[in-house]
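*Asks:* Build me a structure from this.
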Amino acid sequence: MGEKGVYTYDYWRPAVTVDNVVFSFDGTHLNVLLIKRGNEPFKDCWAFPGGFLDEDETLEEAARRELKEETGLTTKYLNEVGAFSDLDRDPRGRTITVAFASVVQPNKTAAVAGDDAKDARWFNIHEMPKLAFDHEKICRMALWKLRIAFINTPVVFALLNDIFTLPEMQRLYTDVFSREFDRRNFQKKFLASGILTPVAQSDEEKKSPHSPIQYRFNEASYAHLREKMLRC
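*Replies:* This is a model prediction of the structure:
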């Protein structure tokens, strides 16, 4: 221990960064937010919004700050994807990054590049450009964890508008899991669950035989169903 109670260590200290994997749904495809880097290394390459941890902030605070500075977006919830520490992941030196995932609704996807980002843009998760650093590895892990969240939580409804149709919901599931779902079984399962509440149709919609029924997520019913399952 050093003077005045200050601890000192002989161990080296790697740099720490944060990265944001932000998902959205445009009604057809699952999208992810990328920024075009304005500085080296990987200048002009696409990457996740992120940057170095400041001395006076937590990892979550750094992730929110970097997301706001580089894209103008804010998010209510952050879920940790994991820590990534490959020895050669950053050509500037030994750098460990902690990645966070979040989701935004379709009406909150307007992103504007700022700070050291030259551009900010949404990309179809299945048609992404080559990414800087080890961000392709981070993306695979984030998508895998999103799939787990779809199974165990109501995160799907955070990616949909407040009012949605079952075909929209099925398209989202199809894109997230990269597989087709039988339409009848899919709709039957969710309608039987009781977590979807039909939205009253207008007179014009009632007259049209092709007008799809719209729904809202019933949070109270979901909470009751979840509690019932936990008691089993």
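
*Asks:* and the next element down the chain from the lowest-mean-pLDDT helix or strand in the chain?
*Replies:* Every helix and strand in the chain was compared by mean pLDDT, DSSP states H and E; the lowest is helix 203-207, with a mean of 55. Scanning forward in sequence from helix 203-207 by DSSP states H and E, the next helix or strand is strand 214-217.

*Asks:* Pull out the buried positions in whatever helix or strand comes next after that next one.
*Replies:* Downstream of strand 214-217, the next assigned helix or strand under DSSP H and E is helix 219-231. Neighbour counts over helix 219-231 (16 or more other CB atoms under 10 Å) mark Y222 as buried. For every residue, glycine as well, the C-beta is placed using N, CA and C.

*Asks:* can you check stretch 109-129 too?
*Replies:* By neighbour count on 16+ other CB under 10 Å, the buried set for stretch 109-129 is T109, A111, A113, A117, A120, W122, I125.

*Asks:* and if you look at stretch 180-197?
*Replies:* Buried, per 16+ other CB under 10 Å, within stretch 180-197: F186, Q187, F190, I195, L196.

*Asks:* same question for it, mean pLDDT?
*Replies:* Average pLDDT, stretch 180-197: 95.

*Asks:* From the rest of the structure, what touches it?
*Replies:* Residues from elsewhere that reach stretch 180-197 (CB atoms under 8 Å, 6 or more residues apart in numbering): 154, 166, 169-170, 173-174, 215-218, 221-222, 225.

*Asks:* Does anything pack onto the top helix by length along the chain? Which helices or strands?
*Replies:* Using DSSP state H to define each element, the chain has its longest helix at helix 135-152. Applying 3 or more CB pairs under 8 Å, 6 or more residues apart in numbering; DSSP states H and E, one finds that helix 135-152 contacts strand 15-25, strand 79-84, strand 95-103, helix 166-177.

*Asks:* Let's have the ones you listed in CSV, adding mean neighbour count and mean pLDDT.
*Replies:* Shown next, in CSV, are the helices and strands packed on helix 135-152 (neighbours: other CB atoms under 10 Å; pLDDT from 0 to 100):
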stretch, mean neighbour count, mean pLDDT
strand 15-25, 22, 97
strand 79-84, 16, 98
strand 95-103, 23, 97
helix 166-177, 18, 97
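
*Asks:* Same list, these, but as TSV with distance to L143 please.
*Replies:* Formatted as TSV, those follow (distance: least, CB to CB, whole Å):
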stretch	distance to L143
strand 15-25	8
strand 79-84	10
strand 95-103	9
helix 166-177	8
